[in-house]
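*Asks:* 3D model of this:
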Amino acid sequence: MTQAPDSSPIRMAQYGTKHGHAAGKLQAMLDSPDVDVIGLYEPDAERRAQVQNSDGPFSQVHWFDNEEELLSDASILAVASEGKNAESLPQTEALVDAGKHVWYDKPAGEDWPAWQRVIGKAQDRNLLIQMGYMFRYQNGFRQIAEWTHSGLLGDIYCTRAHMSTNVDVSSRAALSVHQGGIFFDLGGHMLDQVVWLMGRPERTTAFLRTDRPDGPECVDNTLGVLEYERGLAFVDIAAMESRPVARRFEVYGAKGSAILLEPFEPPFAIRLCLEEPAAGFDAGAQVVPVPTQSRQQTYEEELVAFVATLRGQQPPDRSPEHELLVQETLLRLTGRIDDS
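*Replies:* Okay, the predicted model is just below:
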């Protein structure tokens, strides 16, 4: 992998502004002492006019006049890919073709052969693609993963994830262009966690419903069921939950369970229940505090890991195979590829 010098800041740029995480990711780069932000490119001139002089990070950077200005600058080692879901995959492929490492915000498009091709190109060219699933770097999810992988909870037989939101009527049209609607938009966050804990499901079943009567029609009330040889996982996501939304993540094993207490963002505690004392914990139920974090802090943690990998200080936190598996599972559930 092309590595950055250990001391000097990494020259990075951003492609796109329409992803929901775009402003936060740019702010994380601007705040990082390890990153020198060279510029930002937005292909939509109307969008550029809307945000270029707005309050926040978009007004703090140089704006490239065209794509080639970004792609041809050999000094730019890495780029944050922050286009909207319907446009980000071809934009990411253009970045890989230009020899850039990519911090790519989720999900990785609906074209499965294209995503496989992009990952293959990145591997052939020793380029890093790190997906922007911020809960990988959230203390609550990290703690549950550590307990799961260490065997503290025993063999996992069930995972449940609930990550609904409230999408106003004016924003439903953007969801309608995707076959899975709200599940395509948000499901990858929870599937990233589920397959990290349980692996590739043997079979998937999805319920993709349209239940809100007003506004543009889109898939807005969903459930994904993942079947394993000796386990199940359930991921439910709706687009019309009353605010503040209730989000939950639960893992059940033969020796114990771990539930990230609501609200899971920002995290504050996990209910851990064990059949027997282990790893310094008592038998029975107990509440284990975890250091809290803002969403912005998880973006910053993502970037720290990205930079450390580019500098050769650590291997990637997730392999290319994992990045493929998350997207494959999402597309199986949303019906874009066969469930096999």
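
*Asks:* Report the contact partners of H149.
*Replies:* L197 (CB atoms under 8 Å, 6 or more residues apart in numbering). To be clear about C-beta, it is placed using only N, CA and C from the backbone, and glycine gets the same treatment.

*Asks:* Now do the same for A174: its pLDDT.
*Replies:* We note a pLDDT of 88 for A174 in this prediction.

*Asks:* Please identify which helix or strand holds it.
*Replies:* Element membership of A174 [criterion: DSSP states H and E] is helix 172-176.

*Asks:* Tell me the buried residues in that helix?
*Replies:* 172, 174-175 (16 or more other CB atoms under 10 Å).

*Asks:* Domain-wise, how is the chain divided?
*Replies:* Here the domain assignment for the chain is 10-134+299-330, 139-292, based on automatic domain parsing.

*Asks:* end to end, how far does the shortest one reach?
*Replies:* Just to be clear, that refers to domain 139-292. Distance across domain 139-292, first residue to last, is 7 Å (CA to CA, to the nearest Å).

*Asks:* Over to stretch 99-119?
*Replies:* First-to-last residue span, stretch 99-119, CA to CA: 13 Å.

*Asks:* what pairs with N166 across the strands?
*Replies:* M240 (DSSP bridges).

*Asks:* which ones are touching it?
*Replies:* Counted by CB under 8 Å, 6+ apart, N166 has contacts 239-243, 245.

*Asks:* just to revisit the earlier point, which one among the buried residues of helix 172-176 gets closest to S7?
*Replies:* A174 (42.1 Å; CB to CB).

*Asks:* Excluding sequence neighbours, find me the nearest residue to that closest one.
*Replies:* In space, A174 comes closest to K84 once its chain neighbours are excluded; the distance is 7.2 Å by CB to CB, 6 or more residues apart in numbering.

*Asks:* Look at the one you found and give its secondary structure.
*Replies:* When classified by DSSP: H, G, I helix; E, B strand; the rest coil, K84 comes out as coil.

*Asks:* how much space between it and Q286?
*Replies:* Distance, K84 to Q286, using CB to CB, to the nearest Å: 43 Å.

*Asks:* can I get the buried residues of helix 172-176 in JSON lines with distance to K25?
*Replies:* Formatted as JSON lines, the buried residues of helix 172-176 follow (distance: CB to CB, whole Å):
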{"residue": "R172", "distance to K25": "24"}
{"residue": "A174", "distance to K25": "19"}
{"residue": "L175", "distance to K25": "21"}
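
*Asks:* Now do the helices in the stretch 51-200 of the chain.
*Replies:* 67-71, 88-97, 112-124, 139-150, 172-176, 182-198 (DSSP state H, counting those that start in this stretch).

*Asks:* So how do I select the buried members of the contacts of N166 in ChimeraX?
*Replies:* Buried residues within these, by 16+ other CB under 10 Å, are selected in ChimeraX with:
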select :239,240,241
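
*Asks:* could you redo the contacts of N166 as JSON lines and give each row pLDDT and distance to G24?
*Replies:* Listed next are the contacts of N166 as JSON lines, based on pLDDT from 0 to 100; distance: CB to CB, whole Å:
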{"residue": "A239", "pLDDT": "96", "distance to G24": "21"}
{"residue": "M240", "pLDDT": "95", "distance to G24": "24"}
{"residue": "E241", "pLDDT": "96", "distance to G24": "22"}
{"residue": "S242", "pLDDT": "94", "distance to G24": "24"}
{"residue": "R243", "pLDDT": "92", "distance to G24": "20"}
{"residue": "V245", "pLDDT": "93", "distance to G24": "18"}
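
*Asks:* Find the centremost residue of this structure, please.
*Replies:* Nearest to the mean C-alpha position of the chain, counting by CA atoms, centre = their mean, stands Y133 at 2.0 Å.

*Asks:* still on that earlier bit, wait, which of the helices of the stretch 51-200 of the chain is closest to R209?
*Replies:* helix 182-198 (10.0 Å).

*Asks:* where does the chain have its least confident helix or strand?
*Replies:* Using mean pLDDT, DSSP states H and E, the weakest-scoring helix or strand in the chain turns out to be helix 172-176, at a mean of 90.
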